[in-house]
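Novice: Sequence plus the predicted model coming up.
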Amino acid sequence: EAQVTQNPRYLITVTGKKLTVTCSQNMNHEYMSWYRQDPGLGLRQIYYSMNVEVTDKGDVPEGYKVSRKEKRNFPLILESPSPNQTSLYFCASSSRQGRNQPQHFGDGTRLSIL
Amino acid sequence: EDQVTQSPEALRLQEGESSSLNCSYTVSGLRGLFWYRQDPGKGPEFLFTLYSAGEEKEKERLKATLTKKESFLHITAPKPEDSATYLCAVQHLLSGAGSYQLTFGKGTKLSVIP
């Protein structure tokens, strides 16, 4: 089954404790992206990657890091999480960015930073 | 500034009561407009892509249309299972960057009452 898998689905942690949210897709997609979704603000892009070893900032990249060493994986790293990063996070992938292809989303990771 | 605005924010319909959701946009270089459905606790699920003014797409009780400045998602004789948040996203040329960006609206929460 074609899917985007995120782990963990839920995480409660404390300020400053490094964490990684993993994202994996099995559709051989070149393009992958991370979003955060907050009430009243909608979905906002954090980082995206157009292919292996190619990443770029989205609208709200501060406090986040990403890497794309393999085509299927695109982890989101919070080196020193803060309470304002409490949010619902989504990973998405599509076959080609800029080619009108819809993005396929994972089921989300709910992060709470205390 | 590139913007995507959805209205209304929330809509309550009686089962069988047809209506429309609106997505208006002010962007440069439109490449495509996407409609997604999002259920609570889930990631957005792709519904339609529209590429040019005058285009229409249909799926079951949903029909999406596109003009030069807005898109409508028409829901005919809705059922309770159509209750969800409907998101509109516009893929457009990012000013000064030469790349494309996907900008989401904040969504319309639809509730269909039996």
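Specialist: Ah, there it is.
Novice: Please make it C-alpha for all contacts and neighbour counts, starting now.
Specialist: Fine.
Novice: how about the helix or strand hosting B:Lys57, does it reach chain A?
Specialist: According to DSSP states H and E, B:Lys57 maps onto strand B:56-59. No - counting by CA under 8 Å from any CA of the partner chain, chain A is not contacted by strand B:56-59; separation bottoms out at 14.5 Å.
Novice: After that strand, heading C-terminal, what element do we hit next?
Specialist: With DSSP H and E, the next secondary element past strand B:56-59 is strand B:62-66.
Novice: What is the distance between whatever helix or strand comes next after that following strand and the centre of its chain?
Specialist: Using DSSP H and E, the next helix or strand after strand B:62-66 towards the C-terminus is strand B:70-75. Distance, stretch centre to chain centre, for strand B:70-75: 7 Å (CA atoms, centre = their mean, to the nearest Å).
Novice: Please identify the buried residues of the strand holding B:Lys57?
Specialist: B:Glu56 (16 or more other CA atoms under 10 Å in any protein chain shown).
Novice: Which pLDDT value belongs to B:Gln91?
Specialist: B:Gln91 carries a pLDDT score of 87 in this model.
Novice: ok, now A:Met50?
Specialist: Here, the pLDDT recorded for A:Met50 equals 87.
Novice: again with the one 5 residues further on
Specialist: Note on A:Thr55: pLDDT of 93.
Novice: what sits up against the strand holding B:Lys57?
Specialist: Applying CA atoms under 8 Å, 6 or more residues apart in numbering or on different chains, the contact partners of strand B:56-59 are B:48-50, B:63-66.
Novice: one more time with 10 Å, if that's ok
Specialist: B:47-50, B:63-67, B:71-75 (CA atoms under 10 Å, 6 or more residues apart in numbering or on different chains).
Novice: Would you map the strands across chain B?
Specialist: Secondary structure of chain B, counting by DSSP state E: strands at B:3-7, B:10-14, B:19-26, B:30-38, B:45-50, B:56-59, B:62-66, B:70-75, B:84-93, B:100-104, B:108-113.
Novice: Return the list of strands paired to the first one, each annotated with direction.
Specialist: The strands beside strand B:3-7 in its sheet (DSSP bridges) come out as strand B:19-26 (antiparallel).
Novice: list the buried ones in the partner strand?
Specialist: Buried residues in strand B:19-26 (16+ other CA under 10 Å): B:20-26.
Novice: re the thing from before, which of the contacts of strand B:56-59 has the largest number of neighbours?
Specialist: Most neighbours among the contacts of strand B:56-59, by other CA atoms under 10 Å in any protein chain shown: B:Ser71, with 26 neighbours.
Novice: Do I have it right that that one meets B:Gln6?
Specialist: Yes - using CA atoms under 10 Å, B:Ser71 makes contact with B:Gln6 at a distance of 9.4 Å.
Novice: Could you give the average pLDDT over the strand holding B:Lys57?
Specialist: Per-residue scores along strand B:56-59 average to 96.
Novice: do the same with stretch B:21-37
Specialist: The pLDDT scores in stretch B:21-37 average 92.
Novice: can you list the residues of chain B near chain A?
Specialist: Counting by CA under 10 Å from any CA of the partner chain, chain B comes close to chain A at B:9, B:30-36, B:38-51, B:87, B:89-93, B:99-107.
Novice: are any of those residues buried, and which?
Specialist: Buried by 16+ other CA under 10 Å: B:9, B:30-36, B:38, B:43-51, B:87, B:89-93, B:100-107, out of those.
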